[in-house]
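[1] sequence first, then the predicted structure, then my questions.
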Amino acid sequence: MELFPAIPLAEWRDTKTTVHLFCQVVGKIRLAASVRRNHWWNVPFHLTGRGLTTRPMGLADGNPIFTIDFDFVDHRLIASTVDGRSVSFPLPGHSVASFHRGVLDALASLGVKVSIADPSPFGLPEKHPPFAEDTGNATYDPVWMTRAWQVLSQVNLVLEEFAAGFSGKASPVHLFWHSFDLAHTRFSDRRIHQPAADPVTREAYSREVISFGFWFGDAQSGEAAFYSYTAPEPAGLADEPLHPAAAGWTSSGGGHLALLRYSDARAEPDPRAAVLAFLDSAYHAGAQRAGWNTDDLACPGGITDPERKAHHEPRR
């Protein structure tokens with residue numbers, strides 16, 4: 001299929017809002033039932049060949065090992081346990097309230113007991129009621145949701161390709177359900193102290209980072225875009241060049257965000273190369289201004305073996 005097919009926000013805005021809230025319900029279950037990892041790496045979803053997965057969880061909290069998956073091909077929510085039992089139900093036709101109830105009932109039927117500390121949306125610019133009370137968000141268009149998952153799948157592999165060139169500490173390519181963006185983050189060893197920040201922010205940004213990702217846009221940010229930021233932001237970051245020419249710096253939260261709109265990437269002769277060029281230019285902008293040793297951290301083609309690098313062996 002076409003690389004980076006069109007996905008105008010206006011065509012699926014209501015579906016996106018509903019599915020985003022569905023993801024928050026399942027994400028809070030993942031938060032409650034998984035072992036905590038540094039920088040909240042236990043919390044995000046990962047892509048599968050059909051949608052999104054929480055990955056296995058449980059065991060440490062007394063629950064059986066279980067997984068929750070979104071299938072955006074057949075449009076079902078699937079809860080499974082390690083012994084092969086599963087319960088599923090269709091995604092279309094549900095409000096957030098009925099979805100929330102359906103997920104908890106499915107888990108209970110599998111012997112999984114999870115208590116969500118705060119069963120309400122987190123970190124959204126718009127106000128929404130608690131999950132159990134939200135009967136208003138109930139739009140689910142299967143055609144557009146499949147398209148969104150296909151876009152995420154393509155972006156995921158481009159981010160994986162970009163991630164392969166860095167040998168330092170880095171996150172997986174994963175989807176954060178609170179903001180509904182696909183992200184990859186590179187870290188330095190510099191510790192960042194933020195006593196005034198909230199606990200979520202302090203853990204996420206306890207080290208200096210350069211982060212990259214993609215999100216579908218919203219009422220505030222407009223259409224879908226690729227992005228990057230450096231935190232804390234070094235002086236002069238927005239003076240650094242970005243590629244391709246359509247990319248630029250935009251003000252965001254008192255700092256700057258490198259931005260390449262999805263529509264501009266699609267218009268390039270080689271969209272994949274354009275996105276990789278954007279990510280690379282944003283990385284070098286932040287790394288050079290922050291004083292990272294980019295040569296030492298580089299591993300072209302995902303190779304750190306000095307013998308293979310020295311002899312320029314081809315990848316198999």
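    Yep, that arrived.
[2] what does stretch 37-47 rub up against?
    Stretch 37-47 has contacts (C-beta atoms under 8 Å, 6 or more residues apart in numbering) with 23, 26-27, 30-31, 34-36, 52-55, 70, 152-153, 156, 171-177, 182-183, 185, 187, 200, 203-204, 206-207. Heads up, the C-betas are built off the backbone N, CA and C, glycines and all.
[3] gap between it and the chain center?
    Centre-to-centre, stretch 37-47 and its host chain are 9 Å apart (C-alpha atoms, centre = their mean, to the nearest Å).
[4] one step back: hmm, which of the contacts of stretch 37-47 are the buried ones?
    Among those, those classed as buried by neighbour count (16 or more other C-beta atoms under 10 Å) are 23, 26-27, 30-31, 34, 52-54, 70, 152-153, 156, 171, 173-177, 182-183, 185, 187, 204, 206-207.
[5] which of those fall in helices?
    Under the assignment DSSP state H, the buried ones among the contacts of stretch 37-47 contribute C23, V26, G27, R30, L31, L152, S153, N156, A204 to helices.
[6] how about the strands in the chain?
    Assigned by DSSP state E, the strands in the chain fall at 46-47, 51-53, 66-71, 76-81, 86-90, 174-176, 181-191, 207-215, 225-231, 248-252, 255-261.
[7] let's have those in a markdown table, adding mean pLDDT and distance to L237.
    Putting these into a markdown table (pLDDT from 0 to 100; distance: least, C-beta to C-beta, whole Å) gives the following:
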| stretch | mean pLDDT | distance to L237 |
| --- | --- | --- |
| strand 46-47 | 98 | 30 |
| strand 51-53 | 98 | 32 |
| strand 66-71 | 98 | 36 |
| strand 76-81 | 98 | 41 |
| strand 86-90 | 98 | 46 |
| strand 174-176 | 97 | 23 |
| strand 181-191 | 96 | 15 |
| strand 207-215 | 97 | 10 |
| strand 225-231 | 97 | 6 |
| strand 248-252 | 94 | 8 |
| strand 255-261 | 96 | 6 |
